[in-house]
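> requesting a structural model of the entry that follows:
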Amino acid sequence: MATGWLGWSPDLAWSIPMPELFLAMDAKIEWAQMTNPFGTGKTKTKADKPSPSTVADKLRQALTGRQVS
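Next up is the predicted model:
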């Protein structure tokens, strides 16, 4: 995920702590949702925080072996 989807170098991917990787994945997903030209049609206000991504949650669960609460 770090070298392909996030575009990081292999050295950076191996040295970055897991929590920072998860934050970067969440930010990438949020950015992709905000810049989607085929959006859902509803606008989000600053007060509406996007829900956590299912993809990031499943990856986090697979890598840590723990359920995401």
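
> can you give me the buried ones in the longest helix seen in the chain?
The longest helix of the chain (DSSP state H) is helix 18-34. Within helix 18-34, the residues that qualify as buried are 21-22, 24-26, 28-29, counting by 16 or more other CB atoms under 10 Å. Where you see a C-beta, it was placed from the backbone N, CA and C, and this is true even at glycine.

> quick check: mean pLDDT of stretch 24-44?
Regarding stretch 24-44, the rounded mean pLDDT is 78.

> equivalent analysis for stretch 7-20, please.
Mean predicted confidence for stretch 7-20 is 89.

> show me how far it is from its chain's centre.
Chain-centre distance of stretch 7-20: 14 Å, with CA atoms, centre = their mean, to the nearest Å.

> just to revisit the earlier point, next structured bit after the longest helix of the chain?
helix 54-64 (DSSP states H and E).

> elements contacting that following helix?
helix 18-34 (3 or more CB pairs under 8 Å, 6 or more residues apart in numbering; DSSP states H and E).

> tell me what the helix it packs on is packed against?
Using 3+ CB pairs under 8 Å, 6+ apart, helix 18-34 sits against helix 54-64.

> chain center to the helix it packs on: distance?
Worked out by CA atoms, centre = their mean, helix 54-64 lies 10 Å from the chain centre.

> export that helix to CSV, keeping only CA atoms.
Below are the C-alpha coordinates for helix 54-64, written out as CSV (Å, rounded to 0.1, in the frame of the first residue of the first chain):
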residue,chain,number,x,y,z
THR,A,54,-14.0,0.6,5.0
VAL,A,55,-10.9,-0.2,3.0
ALA,A,56,-8.5,1.4,5.5
ASP,A,57,-10.4,-0.3,8.4
LYS,A,58,-10.1,-3.7,6.8
LEU,A,59,-6.4,-3.2,6.0
ARG,A,60,-5.7,-2.0,9.5
GLN,A,61,-7.6,-5.1,10.9
ALA,A,62,-5.6,-7.4,8.7
LEU,A,63,-2.2,-5.8,9.6
THR,A,64,-2.8,-5.6,13.3
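
> ok, Glu3 - contacts?
For residue 3 the amino acid is Thr, not Glu. Counting by CB atoms under 8 Å, 6 or more residues apart in numbering, Thr3 touches 9-10, 13.
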